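> structural data only, the sequence is not supplied:
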């Protein structure tokens, strides 16, 4: 064989999570033997094979068995990733074993930032910056309101000041744009030329911002931009990619990650559904080693120990460290009126038989969940279904009930004027708060529930924000500044991230909740975050309908919040899992959610 022809080529595969191994004719036996050394190895044909990128990076030593090492070639970017992974694995191992202190100290952070940095930093922000600069790549899991945007900008400034990177790419939800754009001139004497990516990339931009929804279609130009100069890639609200390679956002992020010289993720809710979410997030930060580290840490089931093991890999500022006034969270368990109860029980009977034959059909059971959540609020929602502005997982058509069904008769008999007990309770809470000048933030999953509440609460001049709201900013501004507007109605999927309402409202009501623990935590922080005056009383009320899907959701959220609180060593999150009960005064399914839903259906069937 000519010396110019490699005996083995290692390049990126067809998707973000795979590597491709190629050999010329005559080397198929050697390739076959090599592939068997990787658990994920699969041969395409005699001359090529796929290996999961994580598997390859964790087991780089297996490549030493290739008999012709001098003629192995790597795709340049993948070669850099493999080299960095080896260095990162050593650094991470040292951190986890407690063998090395952070080489960067909080005291040295101002020098690292240089004279171009003008933004003030809190003590905990300096601590988090120092920890993150001590690692090549990092994760900031600080609570919302702790200033993760400023910390991320400081990391970029320090790396740029020291010559490690020259460009910054920020991937986040649209709601994060304002924060990055406002922090830029407040923190940098010479602000970055920061551009929101539209159709083409601004060639003069120092920093680009793009939302997760547009990322997949912009991968090719972004890869070229990231690799043209050393770059820092930041994922803001990184829990959006928690599905990893199995999700659209995760696959796109994993495709970009290896092209960045440095990687940083920001999220206050890193494991909303359990360990798998954390695996995918840390797998992005440290391909290969990150995922394996999380798996090993939580394998024993001792989450307190896992927290101690993983703590060197991320920075986190807790709410206790922010010194916020305490928040009071209570649950009001509301009985259903007789007809409402009959309709709910009939719906359980309708779906229990179907569920028995659809246990592995997430799509079908997801629709069942949506209908049950609706029925626990108001049966009137069942007859109209959802709108196109709901998240895809929540879009269902009006409930079709066969003629002659008891459920159909009950729905026909339901008086149109009957008020849902949850709506009645919401009205009582809003009225009591308005009487003493307190504005209320009301959350409900479904847009038709929000618009119905808009009519019920019309005397309080409600502001309404959901996925179909065209004047979102005007509605929020009215809630903030109009003295007659005493209530803001929204859903966590629309307004759960990226907006600060803690100066405008100290009361929130959850008409309903779903299984999304991360979204629940994020929405809580809209009114309970850094900047609250001492002595502020923040009150959160969760409404649940007795003996309905609400009980299942509450239990699953408790489990998820307990896990997240333990893995982050944060008692404040664990406390949210166990709500105090008080008397009334007036989706994202994961496998365990699925089992809980099936149990609820079985328990309610004849």
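Structure received. In this text, all values refer to a predicted model and were calculated from it rather than measured experimentally.
> just the strands in the stretch 251-400 of the chain please.
Secondary structure of the stretch 251-400 of the chain (DSSP state E, counting those that start in this stretch): strands at 262-266, 327-334.
> Serialize those strands to CSV and add fields for distance to residue 35, mean pLDDT and mean neighbour count.
All C-beta spots, glycine's among them, are computed from the backbone N, C-alpha and C. Output for these, formatted as CSV (distance: least, C-beta to C-beta, whole Å; pLDDT from 0 to 100; neighbours: other C-beta atoms under 10 Å):
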stretch, distance to residue 35, mean pLDDT, mean neighbour count
strand 262-266, 28, 96, 25
strand 327-334, 53, 92, 18
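> outline the domain layout of this structure.
The chain breaks down by automatic domain parsing into domains covering 8-74, 84-317, 327-334+419-586, 338-413.
> about what we covered before: and of the strands of the stretch 251-400 of the chain, who's closest to residue 549?
Closest to residue 549 of the strands of the stretch 251-400 of the chain is strand 327-334 (C-beta to C-beta; 13.5 Å).
> helices or strands up against the closest one?
helix 421-435, strand 538-545, strand 580-581 (3 or more C-beta pairs under 8 Å, 6 or more residues apart in numbering; DSSP states H and E).
> tell me the strands beside it, with direction?
Paired neighbours of strand 327-334 in the sheet (DSSP bridges): strand 538-545 (parallel), strand 580-581 (parallel).
> lowest average pLDDT across those?
Sorting those by mean pLDDT places strand 580-581 lowest, at a mean of 66.
> and residue 45, how far is that from residue 21?
As judged by C-beta to C-beta, to the nearest Å, residue 45 and residue 21 stand 12 Å apart.
> with neighbour numbers in mind, choose between those two.
Between residue 45 and residue 21, counted using other C-beta atoms under 10 Å, residue 21 has the larger neighbour count: 25 against 8.
> spatially central residue in this protein, please.
Geometric centre of the chain, nearest residue: residue 239, 2.5 Å, by C-alpha atoms, centre = their mean.
> sec struct for it, please.
Following DSSP: H, G, I helix; E, B strand; the rest coil, residue 239 is assigned to helix.
> in this structure it contacts residue 281, no?
Yes - in terms of C-beta atoms under 8 Å, residue 239 counts as a neighbour of residue 281; the distance is 7.4 Å.
> helices or strands up against the helix or strand harbouring residue 180?
Using DSSP states H and E, residue 180 maps to helix 177-187. Under the contact criterion of 3+ C-beta pairs under 8 Å, 6+ apart, helix 177-187 touches helix 148-161, strand 194-196, strand 207-211.
> could these go into JSON lines alongside mean neighbour count, distance to residue 219 and mean pLDDT?
Output for the helices and strands packed on helix 177-187, formatted as JSON lines (neighbours: other C-beta atoms under 10 Å; distance: least, C-beta to C-beta, whole Å; pLDDT from 0 to 100):
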{"stretch": "helix 148-161", "mean neighbour count": "23", "distance to residue 219": "22", "mean pLDDT": "97"}
{"stretch": "strand 194-196", "mean neighbour count": "18", "distance to residue 219": "17", "mean pLDDT": "95"}
{"stretch": "strand 207-211", "mean neighbour count": "22", "distance to residue 219": "10", "mean pLDDT": "96"}
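> surely residue 77 and residue 259 touch.
Yes - Residue 77 lies in contact with residue 259 (C-beta under 8 Å); the separation is 5.8 Å.
> quick check: neighbours shared by those two?
Applying C-beta atoms under 8 Å, 6 or more residues apart in numbering, one finds that residue 77 and residue 259 are jointly contacted by residue 227.
> before we move on, the earlier item: pLDDT at the residue nearest to the centre of the chain, what is it?
pLDDT at residue 239 comes out at 90.
> ok, now how distant is the residue nearest to residue 242 when sequence neighbours are not counted from residue 140?
Nearest residue to residue 242, sequence neighbours excluded (C-beta to C-beta, 6 or more residues apart in numbering): residue 277, at 4.0 Å. Using C-beta to C-beta, residue 277 is found at 16 Å from residue 140.
> for stretch 566-576, which residues meet the burial criterion?
By 16 or more other C-beta atoms under 10 Å, the buried positions in stretch 566-576 come out as 566-570, 572-576.
> which other helices and strands contact the helix or strand hosting residue 94?
For residue 94, the host element (DSSP H and E) is helix 76-97. When contacts are defined as 3+ C-beta pairs under 8 Å, 6+ apart, helix 76-97 packs onto strand 8-12, helix 53-58, helix 289-298.
> quick one: buried residues of stretch 73-91?
For stretch 73-91, a neighbour-count test (16+ other C-beta under 10 Å) marks 74-75, 77-78, 81-82, 84-85, 88-89, 91 as buried.
> so how far is it off the chain centroid?
Per C-alpha atoms, centre = their mean, to the nearest Å, the displacement of stretch 73-91 from the mean C-alpha position of its chain is 28 Å.
> got it, and stretch 11-29?
33 Å.
> ok, now stretch 279-289?
That offset, for stretch 279-289, works out to 15 Å (C-alpha atoms, centre = their mean).
> hmm, who's touching it?
53-58, 81, 85, 88-89, 92, 137-139, 235, 238-239, 241-245, 250, 253-254, 257-258, 263-265, 267, 270-271, 290-291, 293-295, 313.
> run a quick neighbour tally on residue 524.
21.
> any idea of the pLDDT on residue 397?
For residue 397, the pLDDT comes out at 76.
> how much space between residue 208 and residue 215?
11 Å.
> shared neighbours, those two?
With C-beta under 8 Å, 6+ apart, residue 208 and residue 215 have common neighbours residue 222.
> for residue 27, phi and psi?
phi -120, psi 20 (degrees, to the nearest 10).
> my guess is it contacts residue 5. True?
No - contact criterion C-beta under 8 Å: residue 27 and residue 5 do not qualify, at 10.2 Å.
> so the two - more neighbours on which side?
residue 27 (21 against 10).
> can you tell me which of the helices and strands packed on helix 76-97 is packed in deepest?
Highest mean neighbour count of the helices and strands packed on helix 76-97: helix 53-58, a mean of 24 (counted as mean count of other C-beta atoms under 10 Å).
> what's downstream of it, the next helix or strand?
Next along the chain after helix 53-58, taking DSSP H and E as the criterion, comes strand 72-74.
> so what does that next one touch, helix or strand wise?
Strand 72-74 packs on strand 8-12, going by 3+ C-beta pairs under 8 Å, 6+ apart.
> by contact count, what packs against the strand it packs on?
Against strand 8-12 (3+ C-beta pairs under 8 Å, 6+ apart) you get strand 18-22, helix 28-35, strand 72-74, helix 76-97.
> any chance of those in CSV, with mean pLDDT and distance to residue 521 too?
What follows is those, written out as CSV (pLDDT from 0 to 100; distance: least, C-beta to C-beta, whole Å):
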stretch, mean pLDDT, distance to residue 521
strand 18-22, 93, 33
helix 28-35, 95, 43
strand 72-74, 95, 42
helix 76-97, 79, 27
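> could you pull up phi and psi at residue 527?
The phi/psi pair for residue 527 (degrees, to the nearest 10) is phi -120, psi 0.
> tell me who's in contact with it.
441, 501-502, 504-508, 538.
> same thing with residue 73?
6, 8-10.
> coming back round to it: report the angle between the helix holding residue 180 and helix 148-161.
Counting by axes from the mean of the first three to the mean of the last three C-alpha atoms, to 10 degrees, helix 177-187 lies at 50 degrees to helix 148-161.
> now helix 177-187: how far from the chain's centre is it?
Counting by C-alpha atoms, centre = their mean, helix 177-187 comes out at 22 Å from the chain centroid.
> need the residues that contact it.
So helix 177-187 is contacted by 117-119, 149-150, 153-154, 157, 170, 172, 191-192, 194, 196, 207, 209, 236, 498 (C-beta under 8 Å, 6+ apart).
> how about low-confidence regions in the stretch 501-606 of the chain?
577-595, 597-599, 601-602, 604-606 (pLDDT under 70).
> circling back: can I get the contacts of residue 527 in a markdown table including neighbour count, secondary structure and distance to residue 377?
Listed next are the contacts of residue 527 as a markdown table, based on neighbours: other C-beta atoms under 10 Å; DSSP: H, G, I helix; E, B strand; the rest coil; distance: C-beta to C-beta, whole Å:
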| residue | neighbour count | secondary structure | distance to residue 377 |
| --- | --- | --- | --- |
| 441 | 23 | strand | 18 |
| 501 | 21 | coil | 23 |
| 502 | 19 | coil | 27 |
| 504 | 16 | coil | 26 |
| 505 | 21 | coil | 22 |
| 506 | 22 | coil | 25 |
| 507 | 21 | strand | 20 |
| 508 | 24 | strand | 17 |
| 538 | 20 | strand | 25 |
